[in-house]
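A.B. asks: Mind looking at a prediction? Sequence and model below.
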Amino acid sequence: MTRIITSDEQLRRYLPNAFATAQGETPLYDKVLSWLQTAERWLFSQFVGDDFADTFLTLDPDEPVRVTAACVVAHEAMMRAVPSLDLVLTPNGFGIVSNQNVAPASRDRVARLIASLEASLDDCIEQLVAYLFRITEWYDTTIRHWFTATLFPFIDLANLCGFTDHRWANYLGLRSKAIDIDPRDPMISPLYGNMQSLTPTYLFIGTWEIFYTDVVKTYQMMKTAGVKATLHVAQKLGHVYPLWPCSEGSAAREEIAKLILQ
């Protein structure tokens, strides 16, 4: 039994029409159940964190982070399952299930399908990690510390280095080279600096900011150190939202101007 994707209908919600099932055929969910279970274990060990799994499963299944997690599981499972689907072991070796109406796909067509699944998987991984960074309870998980052990915790590092295919796999390779940069250097992150004797500080942050939890923790450390600090939080807004051409951004700019003139 799986906990993220629990039915054939739910599985198909995340897959292309190429996986249509004929009437009377074994449901796709049942065919790939073992791969779904493996993909789910991978999701929790690599992204969610086993120490956050129970809390994660209490989130509404319709929340973007849960939907994206299901998308990751579906694409990872199908990418692994496709080469084995419709293979049968005969006395003469493996054969392909076929009939007079449906011909087996060529090796090139299957390869393109797997590549398409992997590309979609990489997109889902990029979204999932961004969503997870917005969850305060995820902040102290082991896997979150794994991601932030470098200055490049996101898969777009692969994009910056010119990789357009196999982005997650390439990110893992690049991460090992970036790990030597110490993210705990106070010159890199104020989280690891001495907050004492700082001048009055005003922090403006949106809840959709990737480093929202880091900023909140920095604010708490400032208050503990006796710094006169004020935290302005805007709901459902992202990075440098005070510069955005919207009413919330305009209001934030006016507030910042007042603070400067004090």
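C.D. replies: Sure thing, it's come through.
A.B. asks: Can you list the buried residues in the longest helix along the chain?
C.D. replies: Longest helix in the chain, counting residues (DSSP state H): helix 107-132. Using 16 or more other CB atoms under 10 Å as the burial criterion, the residues of helix 107-132 that qualify are 113-114, 117-132. Placement of C-beta: from N, CA and C, glycine included.
A.B. asks: got it, and stretch 38-55?
C.D. replies: Using 16+ other CB under 10 Å as the test for burial, stretch 38-55 gives 38-40, 43-44, 47-49, 52.
A.B. asks: On the three-state scheme, residue 195 is what?
C.D. replies: Using DSSP: H, G, I helix; E, B strand; the rest coil, the structure places residue 195 in coil.
A.B. asks: Now it: phi and psi?
C.D. replies: When read as degrees, to the nearest 10, the backbone of residue 195 gives phi -80, psi -10.
A.B. asks: ok, and the closest non-adjacent residue to it?
C.D. replies: Closest residue to residue 195 apart from its sequence neighbours, by CB to CB, 6 or more residues apart in numbering: residue 225 at 3.7 Å.
A.B. asks: how much space between that neighbour and residue 217?
C.D. replies: 13 Å (CB to CB, to the nearest Å).
A.B. asks: Looking at those two, which is more packed in?
C.D. replies: Using other CB atoms under 10 Å, the more surrounded residue of residue 225 and residue 217 is residue 217, with 16 against 13.
A.B. asks: any idea how far that one is from residue 224?
C.D. replies: 10 Å.
A.B. asks: repeat for residue 3
C.D. replies: 38 Å.
A.B. asks: cool, and residue 213?
C.D. replies: Applying CB to CB, the value for residue 213 to residue 224 is 16 Å.
A.B. asks: So these two - more neighbours on which side?
C.D. replies: residue 213 (20 against 11).
A.B. asks: In contact with that one, which residues are there?
C.D. replies: Counting by CB atoms under 8 Å, 6 or more residues apart in numbering, residue 213 touches 133-136, 138-139.
A.B. asks: Now it: which helix or strand?
C.D. replies: Under the criterion DSSP states H and E, the helix or strand holding residue 213 is helix 212-224.
A.B. asks: Tell me the buried residues in that helix?
C.D. replies: For helix 212-224, by 16+ other CB under 10 Å, it's 212-219, 221-222.
A.B. asks: Next: stretch 234-254.
C.D. replies: Buried, per 16+ other CB under 10 Å, within stretch 234-254: 234, 237-238, 241-242, 244, 249, 252.
A.B. asks: ok, and what's touching that stretch?
C.D. replies: 204-210, 232, 256.
A.B. asks: can we see that at 7 Å?
C.D. replies: Stretch 234-254 is touched from outside by 204, 206-210, 232, 256, with contacts defined as CB atoms under 7 Å, 6 or more residues apart in numbering.
A.B. asks: In which helix or strand does residue 231 reside?
C.D. replies: Residue-wise, residue 231 maps onto strand 229-234 under DSSP H and E.
A.B. asks: Wait, residue 37 touches residue 3, no?
C.D. replies: No - using CB atoms under 7 Å, residue 37 is not in contact with residue 3; the gap is 9.5 Å.
A.B. asks: The two - which one has more neighbours?
C.D. replies: Between residue 37 and residue 3, counted using other CB under 10 Å, the more crowded position is residue 37 (16 against 13).
A.B. asks: In contact with the more buried one, which residues?
C.D. replies: Per CB under 7 Å, 6+ apart, neighbours of residue 37: residue 2.
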